[in-house]
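Colleague: Here is my input; please provide its structure:
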Amino acid sequence: MNDQQLIETIKKAIDDSKERKFLESIELAVNLKDVDLSDPRNRIQEEVILPRGRGKEIKVGLFGSSEMAVKLKGVADLIIGPEEIEEISEDKAKAKKLLADYDFFVAEAPLMPIIGKRLGIILGTTGRMPRPVPPGSNPTGIINNLKKSVRIRTKDRATFHVPFGTRAMPVEDLAENLDAVLKRIITRLERGRMNIRSAYIKTTMGPAVTVI
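Modeller: Residues are numbered from 1 along each chain as shown. Okay, here's the model as predicted:
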């Protein structure tokens, strides 16, 4: 689809869905074909920076030293020091509730082994294992990009969903975001668009409208 076709498709998805009492996301649903997702090498796990942002607050947590915490005060939404990782992991229910509020994480690289050991079950199963950064660095740019990003994750299922904005965003901005997501998915598939059986867009509660 060209830009104008994407715009018209998004308009239809919004027009066909009545307004709700909450801010609905606009999402893409993709059905793959001829892809062996039982082989982890064929699965998609990507983070795409949306050109026009997510249209809502995206929270990013940091696992880092006190030095990094000082640099990122007001940038990261949650800062967890090395000494807190063990403490948080002792109560899995509490840890799960705490970490569920955050969409992405970054961590100083030396902390990755203990994060994997203590919190890997919680973060790994949801695809939110931290992005490692060099110790003592300033990952402000990485965090700011994550706040505009969306995660594409197929796991072992042929159907997956990707939010690319909210109903409150201009349709032109949504079309630009959708184009970025579709292009990334297509480039990650062995046969490109030929591996997509169908694709739809919809609001959170609305009916689906065909894209592919």
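Colleague: For the rest of this, base every contact and every neighbour count on C-alpha atoms.
Modeller: Fine.
Colleague: Which of the helices or strands spans the residue nearest to the spatial centre of the chain?
Modeller: Averaging the C-alpha coordinates of the chain gives a centre point, and the residue nearest to it by Cα atoms, centre = their mean is residue 151 (2.4 Å). Assigned by DSSP states H and E, residue 151 belongs to strand 149-153.
Colleague: Contacts for that strand, please.
Modeller: When contacts are defined by Cα atoms under 8 Å, 6 or more residues apart in numbering, strand 149-153 is touched by residues 43-50, 53-54, 127, 160-164.
Colleague: ok, now which ones touch the nearest residue in space to residue 65 that is not next to it in sequence?
Modeller: The shortest distance from residue 65 to any non-neighbouring residue, by Cα to Cα, 6 or more residues apart in numbering, is to residue 81 (5.6 Å). Residues in contact with residue 81 (Cα under 8 Å, 6+ apart) are 63-66.
Colleague: and if you look at residue 196?
Modeller: Residue 196 is in contact with 30-33, 212, counting by Cα under 8 Å, 6+ apart.
Colleague: Closest one of those residues to residue 139?
Modeller: Proximity of those to residue 139, judged by Cα to Cα, is greatest for residue 30, which lies at 32.2 Å.
Colleague: State the three-state secondary structure for that closest one.
Modeller: Per DSSP: H, G, I helix; E, B strand; the rest coil, the local secondary structure of residue 30 is strand.
Colleague: Contact partners for the residue nearest to residue 159 when sequence neighbours are not counted?
Modeller: Taking Cα to Cα, 6+ apart as the measure, residue 159 lies nearest to residue 31, with 4.4 Å between them; neighbours along the chain are not counted. With contacts defined as Cα under 8 Å, 6+ apart, the neighbours of residue 31 are 158-160, 196-199.
Colleague: which of those are buried?
Modeller: If you count burial by 16 or more other Cα atoms under 10 Å, the buried members of those come out as 158-160, 196, 198-199.
Colleague: Next, give phi and psi for residue 95.
Modeller: Dihedral angles phi and psi of residue 95 (degrees, to the nearest 10) take the values phi -60, psi -40.
Colleague: Please give the element, helix or strand, for the closest residue to it other than its chain neighbours.
Modeller: Nearest residue to residue 95 in three dimensions, chain neighbours excluded: residue 88, at 5.6 Å (Cα to Cα, 6+ apart). Element membership for residue 88, per DSSP H and E: helix 82-89.
Colleague: what about that helix, distance to the chain center?
Modeller: The chain centroid and the centroid of helix 82-89 are separated by 25 Å, computed with Cα atoms, centre = their mean, to the nearest Å.
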